[in-house]
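Asks: Predicted model follows, preceded by the sequence.
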Amino acid sequence: MAQTFPFSAIVGQEEMILAIQLLAVDPSIGGVLVLGDRGTGKSTAVRALADLLPPMKVIKDCLYGCDPADGSVLCEACQALKSGAKRKVESRAVPVVDLPLGATEDRVVGALNLEKALSLGIKEFAPGLLAQANRGFLYVDEVNLLEDHLVDLLIDVAASGENLVEREGLSVRHPARFVLVGSGNPEEGELRPQLLDRFGLSVEVKTPQDLALRVQVVRRRDAFERNPSGFRAEWDKANHKLRQRIVRGQKAIQNIDVGDAMLLLCAALCHKLGTDGLRAELTLLRATRAYAALQGDAVVGREHLRIVAPLALRHRLRRNPLDDTGSGVRVQRALDEVLAA
Amino acid sequence: MTEAEAASATQAWQDAQLALMALQLEPQRLGGIWLRAGHGPVREAWLARLQGLGLPVRKIPNQVDDERLLGGIDLAQTLQSGRLVHQSGLLAQSDGGLVLLPMAERLAPQTLAHITQAQDRTSVASQGAQASPTRFGVVALDESEDDQASLPARLTDRLGLWIDLRNNSLADTRETLEPLSAHEVAEAQALLARAEPTPEQVHAMCQTAHVLGIDSLRPPLMALRLAAVQAALEGRCELEESDLAVGARLVLGPRATRIPATQQEAEPEPQDSTEPPEPPDDQEPDDEPPDDSPEDAQEPQDLPDPAAEVLLAATLASLPPHLLDRLLMGQPAKTSGSSVGSSGQAGKSKLRGRPLEPRPGKPGAGARLHVLATLRAAALKQKLRARSAGSGRVQIRAEDFFVRRFAQRTPSCLIFSLDASGSAAQQRLAEAKGAVELLLQDSYARRDSVCVIAFRMAQAQVLLPPTRSLLRAKRALAGLPGGGGTPLASGLQAAVVQAKALQRAGTTPMLVMLSDGRANVSANGVGGRAQAQLDAQAWAVQWRLCGCASLWIDTSPQPEPRAQELAQAMGAHYFPMPYVQAQRMAAVVQDLGNAMRRA
């Protein structure tokens, strides 16, 4: 396995870093879309995500990494276990799975296990990327170039949280709850609105213009390329600290109080921006809560909303595809008005 | 050739030599080479030297499929042994060496994405097999002409060395450097391992990149690496100023998007002048630093222009809805004789497009075998067949065959050819832009790509090669100045050239022509009405021969017979843009302008 650049060594790009941390704290926010220029470290940051995540508990040997604590979403095998012998639990790293652009449907959905079929004549399901990504993260680089049929697939599974396979005489259903992470350069193509909607947060990255920052980026990258393992060891401690912070946030989030006033504020903001449906409000709420948890605050306040709102709402505005006035500006304006009222 | 040109050609060849050596020492971290050169002895000479470096060079043809690229099932072995045998793909096999992409400008975006992803991640995971390392450099050969789409920026950004040998002659190639011997390589690589830029040097390189308007952070990294390579070649492990200079010149130089402002003449404010500065060609459009120096006079263009918005709304009223649909549905007028231009696109549906589920069938006659599906079909019957045949091999019978199928998605590209001459007076041009924007929105919904051509003064210019990014199309339009003669023939010619290129790529082109049809500059760029009109007529016929749909929006005040004539020659739908609206428009714009001046 190739070494990834350590997350804590990433310089600048605060918004992207924040969004990824929020997701790590509360995956139910629903994914992040990172759009921006070339050479800004989009994919570096996402692939480093694994650094932030503490290992999770899974039912032993489960192909889909079922959660022993949650009996409502289990794969068929684990459900069978439930009634029979006592389930064993093991600890696994949270998966961060790469979905390559040209992946075949077989690879993504899963297919007949050829090896077994050929050698033993047994019909068995070989899980695909969606199964691997269950309870973890699914990363699509260049998501705006993804083939339409894969987009359809992702949209469907991301919404239902389960993967239904009906092919080659197989009939399999397994949980596939994953956090969708996408990145891309908007210059190269637009994203389907339906897919856009599946992302909880969106960030826009730009190349840093501050020279000192740029120098730092280049130096760290250079050091990493020179000696990947040495560089990773150097940043081990910082990574560890960051992970602790995430864990604390994950624990704190249950006890965070979101007052009615806050709910009203969220609703007013969404109304003002004309974002459709309740998804926007819900995401906004969750993201704000996750941010408060990350900061170690017990109550969600206005300052949290101010930071998080652009991330959660920016990509949900109805917009003229040709209008390039940043939707971030519009969110900011509405935010100022709502908070001032 | 002038002396200066000769000197720059010589320099280019020397740089190309240096690039080879650099690759020999450091194939991977420099990203690779973007070589612009036509097919010919110069390129052959260079490629021969590339082969002589002692590095494994894997050529990847454009029609490579994902299975070969990333690895897949080894059919022969699988059938022999009766179990699944994987084989590594070309990218994994290129580990430690170079990947050669001939005609990289024609590479499918998917293939390209795989290559850049493998390069970035330095490993590739193919179906079912474990990840294998892919540390390679890319040598991308680019034969595109000036007016054609070149390599996508996604790739060029990752290629450290940009070499242009288009102006070199064979005479230049006599002077060659000997490749390093294995011993020399080992020595230099030992030095390279220790060569590390000082913080000051890193700073200097970053600053240079910044001043040159290079936003991506890859170039300074690669420039530093090249500097280290240069030092190692000289037998040092400390980087000196001259090394940095080489790195900066070769890596940063060609990417510069702006010249450091020493004494630049003040540019006029573009907002209301007739000639706003054109955005430089390759510039990333949206990343001007906010805090910056006087040369960023383009900023105001990006601001929403209230007048333009009003125009847009007005043109909306004057254009019938579903113009594009009509264009697409409407058959182009029959070409004389048989189907000259339509190059058998229908026949491709078995070979390209979005993959569908494979279905049982015989391969051949254009259908390709779907190996995986065939194996799957055969797999479950193996026990049965083994009993009858009694051998250990996997038995595949004709009834198992599955073939590949693709849904033919015919991507279409809208070509806008826009008359920006003086005769398409200022306001009509603004309206025409408004019309184009409307059509762009329409095409966004349809997910077409667009291409923008403008013609004025002596010739036509491709403002925007085919792209899916409507934002860029809009920007290209916003920056378009008006005035000068009407080289209608060039405008049509450019459209024909683009259309043919698109057809070759399997895309269906459509043309929207916005002009008053009054040509006064001939195809050669010479003035004179009569010749100009004849030339335009000739190219109109050429368009008709392409067999593609087109639409002529007449921008003259009253329907113009000459425009109608040309439209007919092209087999285009003719549509006059009514003047009544425009007059009302003019009044509105004037009022608005007055109001703004008072404010």
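Replies: Cool, the structure landed.
Asks: Need phi/psi at the residue in the stretch 201-350 of chain B positioned nearest to chain A.
Replies: Taking CB to the nearest CB, chain A has its nearest neighbour within the stretch 201-350 of chain B at residue B:216, 3.1 Å off. In this view, the C-beta of every residue, glycine as well, is placed from N, C-alpha and C. Residue B:216 adopts backbone torsions of phi -60, psi 150, taken as degrees, to the nearest 10.
Asks: Pull the contacting residues for the residue nearest to it when sequence neighbours are not counted.
Replies: Among residues not flanking residue B:216 along the chain, residue A:39 sits closest, at 3.1 Å (CB to CB, 6 or more residues apart in numbering or on different chains). The contact partners of residue A:39, taken as CB atoms under 8 Å, 6 or more residues apart in numbering or on different chains, are A:207, B:157, B:215, B:216, B:217, B:218, B:219.
Asks: So which other helices or strands are in contact with the helix or strand harbouring the last one?
Replies: Think residue B:219. Per DSSP states H and E: residue B:219 is located in helix B:218-233. Using 3 or more CB pairs under 8 Å, 6 or more residues apart in numbering or on different chains; DSSP states H and E, the elements in contact with helix B:218-233 are helix A:211-226, helix B:3-25, helix B:182-194, helix B:199-211, helix B:241-247.
Asks: can I assume residue A:128 is in contact with residue A:109?
Replies: Yes: with contact defined as CB atoms under 8 Å, residue A:128 and residue A:109 form a contacting pair (5.0 Å).
Asks: can you count the residues close to residue 135?
Replies: Answering for chain A, as no chain was given. 21 (other CB atoms under 10 Å in any protein chain shown).
Asks: think we crossed wires, I meant chain B
Replies: 16.
Asks: What separation do you get for it and residue B:86?
Replies: For residue B:135, the distance to residue B:86 equals 20 Å [CB to CB, to the nearest Å].
Asks: how close does residue B:247 sit to residue B:165?
Replies: The spacing between residue B:247 and residue B:165, counted by CB to CB, is 20 Å.
Asks: Surely residue B:553 is in contact with residue B:514?
Replies: Yes: at 4.7 Å, residue B:553 counts as touching residue B:514 under the criterion of CB under 8 Å.
Asks: hey, what's in contact with both of the two?
Replies: Counting by CB under 8 Å, 6+ apart, the contacts common to residue B:553 and residue B:514 are B:432, B:435.
Asks: still on that earlier bit, pretty sure the residue of the stretch 201-350 of chain B closest to chain A contacts residue B:156?
Replies: No: applying CB under 8 Å, one finds residue B:216 not in contact with residue B:156, separated by 9.9 Å.
Asks: what would the helices and strands packed on helix B:218-233 look like in a markdown table with distance to residue B:573?
Replies: Below are those laid out as a markdown table (distance: least, CB to CB, whole Å):
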| stretch | distance to residue B:573 |
| --- | --- |
| helix A:211-226 | 52 |
| helix B:3-25 | 46 |
| helix B:182-194 | 63 |
| helix B:199-211 | 49 |
| helix B:241-247 | 55 |
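Asks: Show me where the stretch 201-341 of chain A has its strands.
Replies: Here the stretch 201-341 of chain A has its strands, by DSSP state E, counting those that start in this stretch, at A:201-205.
Asks: what about it, any weak spots by pLDDT?
Replies: Along the stretch 201-341 of chain A, segments meeting pLDDT under 70 span A:276-277, A:318-326, A:341.
Asks: That one: helices as residue ranges?
Replies: A:211-226, A:228-234, A:236-252, A:260-273, A:279-295, A:302-313, A:327-340 (DSSP state H, counting those that start in this stretch).
Asks: same for the fifth one, what does it pack against?
Replies: It refers to helix A:279-295. When contacts are defined as 3+ CB pairs under 8 Å, 6+ apart, helix A:279-295 sits against helix A:14-25, helix A:236-252, helix A:260-273, helix A:302-313.
Asks: can you check the third one too?
Replies: Taking 3+ CB pairs under 8 Å, 6+ apart as contact, the helices and strands that helix A:236-252 lies on are helix A:14-25, helix A:279-295.
Asks: quick one: is the first one near chain B?
Replies: When you say that, I think you mean helix A:14-25. No: judged by CB under 8 Å from any CB of the partner chain, helix A:14-25 makes no contact with chain B; its nearest approach is 14.2 Å.
Asks: which ones are touching the residue nearest to residue A:272 when sequence neighbours are not counted?
Replies: Distances taken as CB to CB, 6+ apart place residue A:334 nearest to residue A:272, at 4.5 Å, with adjacent residues excluded. Residue A:334 is in contact with A:269, A:272, A:273, counting by CB under 8 Å, 6+ apart.
Asks: hmm, 10 Å instead?
Replies: Contact partners of residue A:334, counting by CB atoms under 10 Å, 6 or more residues apart in numbering or on different chains, are A:268, A:269, A:270, A:271, A:272, A:273, A:274, A:275, A:309, A:313, A:317.
Asks: Now which of those residues would you call buried?
Replies: Neighbour counting with 16 or more other CB atoms under 10 Å in any protein chain shown marks A:269, A:270, A:272, A:273, A:275, A:309, A:313, A:317 as buried within the contacts of residue A:334.
Asks: closest to chain B among these?
Replies: Nearest to chain B among the buried ones among the contacts of residue A:334, counting by CB to the nearest CB, is residue A:317 at 15.0 Å.
Asks: can I assume that closest one is in contact with residue A:273?
Replies: Yes: counting by CB atoms under 10 Å, residue A:317 touches residue A:273, with 5.8 Å between them.
Asks: ok, residue A:113 touching residue A:126?
Replies: Yes: judged on CB under 10 Å, residue A:113 makes contact with residue A:126 at a distance of 3.8 Å.
Asks: And residue B:435, how far from chain A?
Replies: 13 Å (CB to the nearest CB, to the nearest Å).
Asks: sorry, that was for residue B:103
Replies: Plainly put, residue B:103 is 19 Å away from chain A if you go by CB to the nearest CB.
Asks: Near chain B, which residues of the stretch 151-300 of chain A are found?
Replies: A:167-169, A:185-190, A:192, A:206-219, A:221-223, A:225-228 (CB under 10 Å from any CB of the partner chain).
Asks: show me what contacts the residue in the stretch 101-250 of chain A positioned nearest to chain B?
Replies: Here the residue of the stretch 101-250 of chain A nearest chain B is residue A:117; by CB to the nearest CB that distance is 3.4 Å. Going by CB under 10 Å, 6+ apart, residue A:117 touches A:123-124, A:126, A:168, B:84, B:375-382.
Asks: Go again with 7 Å.
Replies: Applying CB atoms under 7 Å, 6 or more residues apart in numbering or on different chains, we find residue A:117 in contact with A:123, B:376, B:379, B:380.
Asks: One more: residue A:286?
Replies: Shown in contact with residue A:286 (CB under 7 Å, 6+ apart): A:26, A:28, A:29.
Asks: which residues of the stretch 1-150 of chain B score low on pLDDT?
Replies: Applying pLDDT under 70 to the stretch 1-150 of chain B picks out residues B:1-2, B:82, B:125-130, B:146-149.
Asks: which residues in it form strands?
Replies: B:32-36, B:57-59, B:71-73, B:86-88, B:98-101, B:123-124, B:132-133, B:137-142.
Asks: Would you format those as CSV with mean neighbour count included?
Replies: Output for the strands of the stretch 1-150 of chain B, formatted as CSV (neighbours: other CB atoms under 10 Å in any protein chain shown):
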stretch, mean neighbour count
strand B:32-36, 24
strand B:57-59, 16
strand B:71-73, 22
strand B:86-88, 18
strand B:98-101, 25
strand B:123-124, 22
strand B:132-133, 18
strand B:137-142, 25
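Asks: Which stretch among these approaches residue A:34 most closely?
Replies: Residue A:34 lies closest, by CB to CB, to one member of the strands of the stretch 1-150 of chain B: strand B:123-124, at 21.5 Å.
Asks: Please name every helix or strand in contact with the closest one.
Replies: Helices and strands touching strand B:123-124, by 3 or more CB pairs under 7 Å, 6 or more residues apart in numbering or on different chains; DSSP states H and E, are strand B:132-133.
Asks: Give the full set of residues in contact with the residue of the stretch 301-450 of chain B found nearest chain A.
Replies: As assessed by CB to the nearest CB, chain A sits closest to residue B:379 within the stretch 301-450 of chain B, at 3.4 Å. By CB under 7 Å, 6+ apart, residue B:379 lies in contact with A:114, A:117, A:118.
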